[in-house]
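> Structure of the sequence below:
(2 chains)
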Amino acid sequence: MSEPIIRIEHLSRSFSTVKAIDDLSLEVPTGIVFGFLGPNGAGKTTTIHLLLGLLEPTQGQAKVMGFDTRSQANEIRAKSGALLEFSGLYERLSAEDNLDLYGRIYRMPGPERKARAKELLTHLDLWDRRKEKVGKWSRGMKQKLAVARALFHHPPLIFLDEPTAGFDPVAAAALHADLTSLVTREGVTVFLNTHNLAETEKLCAQVAVIRSGKLMTIGNPDQLRLEKGGLKVEIIGRGFNEQTLTLLRARSEVERAEIQNNRLLIELRSQTEVGPLVTLIVQSGGEVEEIRRTGTSLEDLFLTLMKEENK
Amino acid sequence: MNDLWTMIWKEWKDFLLSGGRSDLLRPLLILGILGIVLPLSFRLRWIDLDSAPVLIMLYAPSMFVTSFIGDAIAGEHERHTLETLLASRISDRAILLGKVLVAVGFTWGMTLFSLLLGAIVVNWSQEQGQWVFYAPINLFVVLVMSLLTILLAASGGVLISLKSATVRQASQTMLLGEILLGFAVYVVVRFLPASMTASLTTSQMVSIILLSLVVLDAILLAASLVSFQRSRLILG
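Numbering: from 1, shown residues only, chains lettered A, B, ... in the order given. So this is what the prediction gives:
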């Protein structure tokens, strides 16, 4: 198994009395899209700043591509790309010049810069508008260009800080499609900060959930849904009533049960057989037509984790 | 050195070539005033580089350079472009020096051009057969002094811009700073003992002024370089 591209060990960062990051430890495997999930103010942006060596940790350490964030931050920034909270594009410059600037910063020769700009802008359907000033573009186009800028110098790792924040679903889906195709084509590892659960489900092979600077959980989204979230059972039929619900809620394995139209929704505490529950439903006068087992959505898991923390 | 050229290229394109008509108006206005209007009103006193034209040629460009620096530093912060630049491999020093060099170079170039234009305008307006020009030593001293005052204003502008959230806030603070500095210079000159000024030759006085400017430039530029650091800027 290859070395993790990011290794964080007991990392903490305080701003006066506030602990923005609190004893964070995690590893990001190479070659995946890693979702760093958390509500606003959870410490996601601070984590990116720490990993890029823009801020020094108060305690602990982190290595990115084998480089220490305290002593080798220049090497990290030279070998990674970033799209931070704002697109960071120069609105008075053209799209071509914005890319050219970062090509120059990463010391790419002139012909290589030109070829790379053409390759990326063509891939993103922006080539015909390369001479236009970016300030006149829509937010979605700007964000696409900012992704291209982050990938321009062929970095093995890119940091994306909420790239679709404030986007409508159509624009977000378009950016997801572009992001997925680019990331797959370039074979780059992505550290994706987000609070968008649909984005995480769609793009990420691994997810870490953070809240108030603390790591709540980490793992593959499917595995997390099973381990942390339990199962949901949807029973379609007729004759479900209050008595059915009372009987179901009395069972120790049932977390929640409710009726929605002709559907009975049951949330289980753990992996368990559904047969005894179906028997119970039939005994209470219900008629079962179809049974569907589904995992907890990432959204449910996220909300559960946030509630746990609040307790 | 590569990084410095990259920043100079960026500043040149971003500020000077991409601004459009409205941004071109400002330098043209300054050129019009310093290169045409004032030489026409001072006439031969302009060519003699009398104290009034010299003070104007030192003060006006330093006002202009602060607005340039305000946009280059506080403007990058306000437009959220600085954070991405800081997340790249380019050094803090290259970013700052690139901005200062373009601002100072452009403003000083404008001063030089204004002086040349002024000479042409005065000669044209005098309608004398004989061509008159600045005394070389006077021109040299004014240009050196102008370079140093522009650099001083730019370095001070960097320090103020770093503390300002917006370009407007930076411009207002810098304007106040310029007025206070002008007043301080006036007070110092006004209350210098007459015996001291009488005992000094013109060249000695000029040397003292130039040396003071060099020392102040070095202090402010060093302070700017110390303040312009990633870890501070990212929190700002």
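> The helix ranked longest in chain B: which residues count as buried?
Secondary structure of chain B read by DSSP state H shows that its longest helix is helix B:92-126. In terms of neighbour count (16 or more other C-beta atoms under 10 Å in any protein chain shown), helix B:92-126 has its buried residues at B:92, B:94-104, B:106-108, B:110-112, B:114-115, B:117-119, B:121-123. Any C-beta I mention is one placed from the backbone N, CA and C, and that applies to glycine too.
> Stretch A:158-172 now?
For stretch A:158-172, by 16+ other C-beta under 10 Å, it's A:Ile158, A:Phe159, A:Leu160, A:Asp161, A:Glu162, A:Pro163, A:Thr164, A:Ala165, A:Phe167, A:Ala171, A:Ala172.
> contacts with chain A among the buried residues of helix B:92-126, please.
Checking the buried residues of helix B:92-126 against chain A by C-beta under 8 Å from any C-beta of the partner chain, not one of them is in range.
> quick one: the strands in chain A?
A:6-15, A:18-28, A:33-37, A:59-64, A:67-68, A:80-83, A:157-161, A:189-194, A:206-211, A:214-219, A:231-238, A:254-260, A:263-268, A:287-295 (DSSP state E).
> Report the distance from the last one to the chain centre.
So that's strand A:287-295. 30 Å (C-alpha atoms, centre = their mean, to the nearest Å).
> What are the contacting residues of it?
A:222, A:225-226, A:229, A:231-239, A:274, A:278, A:281-282 (C-beta atoms under 8 Å, 6 or more residues apart in numbering or on different chains).
> Please name the residues that touch A:Ala173.
By C-beta under 8 Å, 6+ apart, A:Ala173 has no neighbours at all.
> Distance check, it against chain B.
25 Å (C-beta to the nearest C-beta, to the nearest Å).
> Same check on A:Pro29?
For A:Pro29 relative to chain B (C-beta to the nearest C-beta), the value is 23 Å.
> give me the number of residues near the residue in chain B that chain A sits nearest to?
Per C-beta to the nearest C-beta, B:Thr84 is where chain B lies closest to chain A, at 2.7 Å. Here the number of neighbours of B:Thr84 (other C-beta atoms under 10 Å in any protein chain shown) works out to 23.
> for it, what are its contacts?
A:Ala82, A:Leu83, A:Leu84, A:Phe86, A:Ser87, A:Gly88.
> again, only using 7 Å
Counting by C-beta atoms under 7 Å, 6 or more residues apart in numbering or on different chains, B:Thr84 touches A:Ala82, A:Leu84, A:Gly88.
> helix or strand for it, which one?
helix B:82-86 (DSSP states H and E).
> Please apply the same query to B:Ile8.
Going by DSSP H and E, B:Ile8 is part of helix B:2-11.
> Check which element follows that helix along the chain.
For helix B:2-11, the following helix or strand on the C-terminal side (DSSP H and E) is helix B:21-32.
> ok, A:Thr180 touching A:Ala205?
No - if you go by C-beta atoms under 7 Å, A:Thr180 and A:Ala205 don't touch, sitting 11.7 Å apart.
> Tell me where the model's unsure across chain B.
Flagging of chain B using pLDDT under 70 yields the residue ranges B:17-22, B:128, B:236.
> how far away is the residue nearest the centre of it from A:Ser252?
Computing the C-alpha centroid of chain B and ranking residues by C-alpha atoms, centre = their mean puts B:Ile150 first, at 2.5 Å. Separation of B:Ile150 from A:Ser252 (C-beta to C-beta, to the nearest Å): 80 Å.
> ditto for B:Gln169
63 Å.
> Please say which of the two ends up with more neighbours.
Per other C-beta under 10 Å, whichever of B:Gln169 and A:Ser252 has more neighbours is B:Gln169, with 16 against 8.
> Setting aside sequence neighbours, what's the nearest residue to that one?
B:Ala74 (7.1 Å; C-beta to C-beta, 6 or more residues apart in numbering or on different chains).
> what kind of secondary structure is that neighbour in?
With DSSP: H, G, I helix; E, B strand; the rest coil as the basis, the three-state label of B:Ala74 is helix.
> Hmm, B:Val167 and it touching each other?
Yes - applying C-beta under 7 Å, one finds B:Ala74 in contact with B:Val167, separated by 4.9 Å.
> more crowded one of the two?
More crowded of B:Ala74 and B:Val167, by other C-beta under 10 Å: B:Ala74, with 27 against 20.
> For the closest residue to chain B within chain A, grab the count of nearby residues.
Closest contact between chain A and chain B, by C-beta to the nearest C-beta, is at A:Gly88 (2.7 Å). Neighbourhood size, A:Gly88 [other C-beta under 10 Å]: 25.
> Which of the residues in stretch A:147-157 are classified as buried?
A:Val147, A:Ala148, A:Arg149, A:Ala150, A:Leu151, A:Phe152, A:His153, A:Pro155, A:Leu157.
> Let me know the closest of those to B:Lys13.
Using C-beta to C-beta, A:Arg149 is the member of the buried residues of stretch A:147-157 that lies nearest B:Lys13, at 15.6 Å.
> my guess is the closest one meets A:Leu101, correct?
No - if you go by C-beta under 7 Å, A:Arg149 and A:Leu101 don't touch, sitting 8.7 Å apart.
> so where's the stretch 201-311 of chain A uncertain?
A:226-230, A:270-271, A:295-297, A:307-311.
> what do you get if the cut-off is 90, keeping everything else the same?
A:201-203, A:212, A:216-217, A:219-311 (pLDDT under 90).
> cool, the stretch 1-150 of chain A as well?
Within the stretch 1-150 of chain A, the stretches with pLDDT under 90 are A:1-3, A:15-18, A:31, A:38-42, A:85, A:92, A:123-125, A:136, A:138-140.
> can you pull out the helices in it?
In the stretch 1-150 of chain A, the segments counted as helices under DSSP state H, counting those that start in this stretch are A:44-51, A:73-79, A:95-105, A:110-123, A:139-151.
> Get me the contact residues on chain B for chain A.
B:2, B:6, B:9-10, B:13-14, B:18-19, B:80-81, B:83-84, B:86-90, B:230-231, B:234 (C-beta under 7 Å from any C-beta of the partner chain).
> Most remote residue from the middle of chain B, which is it?
Distance-from-mean max, chain B, by C-alpha atoms, centre = their mean: B:Gly129 at 35.3 Å.
> I'd assumed that residue was in a helix, is it?
No - counting by three-state DSSP, B:Gly129 is not found in a helix; it is coil.
> gap between it and B:Ser155?
46 Å.
> again with A:Pro4
Counting by C-beta to C-beta, the gap from A:Pro4 to B:Ser155 is 44 Å.
> next one: A:Pro276
Taken as C-beta to C-beta, the span from A:Pro276 to B:Ser155 is 79 Å.
> For B:Gly182, which non-adjacent residue is closest in space?
Nearest in space to B:Gly182, with sequence neighbours left out and distances taken as C-beta to C-beta, 6+ apart, is B:Tyr59 at 7.0 Å.
> Which strands or helices does the helix or strand encompassing that neighbour pack on?
According to DSSP H and E, B:Tyr59 maps onto helix B:51-78. Contacts defined by 3 or more C-beta pairs under 7 Å, 6 or more residues apart in numbering or on different chains; DSSP states H and E place helix B:51-78 against helix B:38-42, helix B:92-126, helix B:136-163, helix B:167-190.
> Could you list the buried residues of the shortest one?
What that stands for is helix B:38-42. B:Leu38, B:Pro39, B:Phe42.
> Now it - C-alpha only, CSV.
Output in CSV follows, covering the C-alpha atoms of helix B:38-42 (Å, rounded to 0.1, in the frame of the first residue of the first chain):
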residue,chain,number,x,y,z
LEU,B,38,2.3,74.0,-14.2
PRO,B,39,5.2,74.7,-16.6
LEU,B,40,3.0,77.1,-18.5
SER,B,41,2.3,79.0,-15.3
PHE,B,42,5.9,78.9,-13.9
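> So which bits of the stretch 51-200 of chain A are right by chain B?
So the stretch 51-200 of chain A meets chain B at A:52, A:54-56, A:74, A:77-78, A:82, A:84, A:86, A:88, A:90, A:92-93, A:97, A:101-102, A:104-107, A:133 (C-beta under 7 Å from any C-beta).
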